[in-house]
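In: Got a sequence here, can you build the structure:
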Amino acid sequence: MAPKEKAELSLEAALSELEGVVKELEKGDLPLEKALELFERGVQLNTACRKQLEQAETRIEILLKKDGETQPEPFEPENS
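Out: Sure, this is the predicted structure:
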């Protein structure tokens, strides 16, 4: 699923896919290689979700730290 990973998924899409991965892994009837692939994808999705949530938190902090007034300011996410 590398092409999907390059075009960043929305938080909602990543969470939905992550839920599907977890359900598949919880069944416990997968061959080892398939389970490892799914686990790796789950880790990637978790990282993507965490990154998006951290960026949202940073944006909120920027909004709230303007002398008690909410004043939006451009936000440039860090590219890793």
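In: C-alpha from now on. contacts and neighbour counts both.
Out: Will do.
In: that's a helix at residue 16, yeah?
Out: Yes - under DSSP: H, G, I helix; E, B strand; the rest coil, residue 16 falls within a helix.
In: measure it to residue 23 for me?
Out: Note on residue 16: its distance to residue 23, by C-alpha to C-alpha, to the nearest Å, is 11 Å.
In: now the helix or strand hosting residue 45, how far from the chain's geometric center?
Out: Element membership for residue 45 (DSSP states H and E) is helix 32-64. When C-alpha coordinates are averaged (C-alpha atoms, centre = their mean, to the nearest Å), helix 32-64 and its chain have centres 3 Å apart.
In: residues in contact with residue 43?
Out: Applying C-alpha atoms under 8 Å, 6 or more residues apart in numbering to residue 43 gives no contacts.
In: one more time with 10 Å, if that's ok
Out: With contacts defined as C-alpha atoms under 10 Å, 6 or more residues apart in numbering, the neighbours of residue 43 are 18, 21, 37, 49.
In: And the residue lying closest to the first one once chain neighbours are set aside, what's its pLDDT?
Out: What that stands for is residue 18. Using C-alpha to C-alpha, 6 or more residues apart in numbering and skipping the chain neighbours, the partner closest in space to residue 18 is residue 42 (5.7 Å). On the pLDDT scale, residue 42 is placed at 97.
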